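**Student:** Okay, structure incoming, though there's no sequence with it:
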């Protein structure tokens, strides 16, 4: 059984196309936000009741975040634990540092926290999307993963170019690149002493070899394994000397 969610909302076309392709070979339960939740990251709703409305017996509409959707489905209303959680197909890329903002990636991360295989899938465009190639690739990847073991705490972040099956040049295993928003704060007109700002702008991409950003720019599907462990292990030994050097010892 596959749990399918997203951050674009239940009415987004990407989740519908992904569902169609997954249901060709697998039972699918959908638990998706009632409205768009792009950019919410790994936020969770605490101490407030979360409304769940059932569109049909396999489709739950959640008035909450993508993380809420995974938590409620896995620990609440699903009768069986899903074999895989699929988040997407997101409209727009989730590359480099974007993953820290992404509700799409956060849903896969939440599944990994609970020991469930998980994949976040994004289509690298904001306009004129063709979700078919991404859905077909995603379905093949899920079938492949059901026969494989991922290390504990590891999930996959997949980005697909907005190209036809014939135009996509192949698959690259990648690391996260750099995609930085440098002009993302714009001050708007003031209103009676109040200041208004808009966060947006276009990111600056650095095409470093081996990164997800480079793969998409070259017309390849990018698959990046991500881990729950955010520890910088290479720096632990250096930090171990700080207590003595800075007089921080207890």
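**Tutor:** Everything's here; your move. What you see is a predicted model, and the numbers here were worked out from it, not measured in a lab. Numbering: from 1, shown residues only.
**Student:** what does the longest helix seen in the chain contact?
**Tutor:** Longest helix in the chain by number of residues (criterion: DSSP state H): helix 131-145. Residues outside helix 131-145 that contact it (Cβ atoms under 8 Å, 6 or more residues apart in numbering): 2, 13-14, 17-18, 20-22, 24-26, 84, 86, 88-89, 117, 119, 121-123, 156, 158, 160, 163-165, 168, 221, 223. The way it works is simple: take the backbone N, C-alpha and C, and place the C-beta from them, glycine included.
**Student:** List the buried residues for that helix?
**Tutor:** Buried residues in helix 131-145, defined by neighbour count with 16 or more other Cβ atoms under 10 Å: 131, 133, 134, 135, 137, 138, 139, 141, 142, 145.
**Student:** quick revisit: can you select the buried ones from the contacts of helix 131-145 in PyMOL?
**Tutor:** In PyMOL syntax, the buried subset of the contacts of helix 131-145 is picked out as below (16+ other Cβ under 10 Å):
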select buried, resi 2+14+17+18+21+22+26+84+86+88+89+117+119+121+122+123+156+158+160+163+168+221+223
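**Student:** which residue is nearest the centroid of this structure?
**Tutor:** Nearest to the geometric centre of the chain sits residue 105, at 1.8 Å (Cα atoms, centre = their mean).
**Student:** Touching, residue 94 and residue 123? I think so.
**Tutor:** No: in this structure residue 94 lies outside contact range of residue 123 using Cβ atoms under 8 Å: 9.9 Å.
**Student:** tell me, how many neighbours does residue 45 end up with?
**Tutor:** For residue 45, the count of nearby residues is 15 (other Cβ atoms under 10 Å).
**Student:** Find me the pLDDT at it, would you?
**Tutor:** Each residue has a pLDDT score; the one for residue 45 is 96.
**Student:** Excluding chain neighbours, what is closest to residue 119?
**Tutor:** Sequence neighbours aside, residue 156 is the residue nearest to residue 119 in space, at 4.7 Å (criterion: Cβ to Cβ, 6 or more residues apart in numbering).
**Student:** Please enumerate the strands of the protein.
**Tutor:** Assigned by DSSP state E, the strands in the chain fall at 2-5, 28-33, 52-56, 59-62, 84-91, 117-124, 154-161, 171-173, 178-181, 185-187, 197-199, 203-206, 221-227.
**Student:** Let me have the ones you listed in TSV, extended by mean pLDDT and distance to residue 234.
**Tutor:** Formatted as TSV, the strands of the chain follow (pLDDT from 0 to 100; distance: least, Cβ to Cβ, whole Å):
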stretch	mean pLDDT	distance to residue 234
strand 2-5	98	34
strand 28-33	98	37
strand 52-56	96	43
strand 59-62	98	39
strand 84-91	98	30
strand 117-124	98	26
strand 154-161	98	19
strand 171-173	98	21
strand 178-181	74	19
strand 185-187	81	33
strand 197-199	83	32
strand 203-206	72	21
strand 221-227	97	14
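**Student:** how about the ones you listed, which one is nearest residue 78?
**Tutor:** Taking Cβ to Cβ, strand 28-33 is the member of the strands of the chain nearest to residue 78, at 6.0 Å.
**Student:** Show me what the closest one is in contact with.
**Tutor:** Outside strand 28-33, the residues touching it (Cβ under 8 Å, 6+ apart) are 1-7, 9-10, 12, 15, 19, 22, 58-66, 68-70, 72-73, 77-78, 82, 103.
**Student:** Which residues are in contact with residue 124?
**Tutor:** Residue 124 neighbours (Cβ under 8 Å, 6+ apart): 92, 93, 95, 159, 160, 161, 162, 216.
**Student:** Quick check: the two most widely separated of these?
**Tutor:** Maximum pairwise distance among these (Cβ to Cβ): 13.4 Å, between 95 and 162.
**Student:** between those two, who's got more neighbours?
**Tutor:** For residue 95 versus residue 162, neighbours defined as other Cβ under 10 Å are more numerous around residue 95 (28 against 20).
**Student:** what's the more buried one sitting at in phi/psi?
**Tutor:** Main-chain torsions, residue 95, degrees, to the nearest 10: phi -120, psi 150.
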